[in-house]
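Novice: Sequence first, then the predicted structure, then my questions.
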Amino acid sequence: MQISDTTRDEAFRLFGKLVARSDPGRLEAWADLGLTMTQLRLLFLLRPADGLSAGAIADQLGVTPSTLTRIMDRLVRHDLVRRETDCNDRRLVRHHLTAEARRIIEEMERFGRARMDRILARLSPLELERVVLALRDLSAAFETAEVEEKTKEAVA
């Protein structure tokens with residue numbers, strides 16, 4: 001089935017509008033911290049995978065090792081990340097979130113979750129189920145596109 005340009009344009013416009021409106025309070029909180037979006041992504045990346053090496057982080061963020069070093073230096077200076085030498089391989093440096101970074105992330109998530117709960121409560125159960133199904137489809141499309149892009153980069 002072919003998607004019309006009108007439908008594609010509306011999807012693009014609505015998605016952009018939703019992203020811009022989805023959590024302005026949390027975005028303002030991030031701006032108040034003086035951190036870049038990449039630095040914030042790194043903090044959220046480390047939370048479930050505390051102790052990642054610089055190489056693993058750079059790969060996941062799609063940045064060069066030298067760029068990651070600059071990002072990490074700033075986070076260390078802000079006492080949000082600490083570096084530790086791996087006890088099994090002294091050449092390997094592990095990166096860990098500090099208690100302050102964990103507190104900031106939890107506060108941002110709490111704020112964002114409360115706002116989204118208020119918005120989602122305005123939907124009927126059927127509407128919410130449709131939203132979930134559409135978001136699953138969109139998420140799968142993003143993942144497929146990312147895999148294809150990485151495959152193209154690896155071949156090039």
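Specialist: Happy to help now that I have it. Treat the numbers as computed from the prediction; the structure is a model and nothing was measured. Residues are numbered from 1 along each chain as shown.
Novice: Return the set of buried residues in stretch 56-68.
Specialist: Ile57, Ala58, Leu61, Val63, Leu68 (16 or more other C-beta atoms under 10 Å). C-beta coordinates here come from the backbone N, C-alpha and C atoms, glycine included.
Novice: That one: end-to-end distance?
Specialist: 10 Å (C-alpha to C-alpha, to the nearest Å).
Novice: and for it, what are the contacting residues?
Specialist: Residues outside stretch 56-68 that contact it (C-beta atoms under 8 Å, 6 or more residues apart in numbering) are Thr38, Arg41, Leu42, Leu45, Leu46, Ala49, Leu52, Ala54, Gly55, Ile71, Met72, His95.
Novice: Out of those, which comes closest to Leu128?
Specialist: Arg41 (27.7 Å; C-beta to C-beta).
Novice: Next up, the contacts around that closest one.
Specialist: Listed by C-beta under 8 Å, 6+ apart, the contact set of Arg41 reads Leu61.
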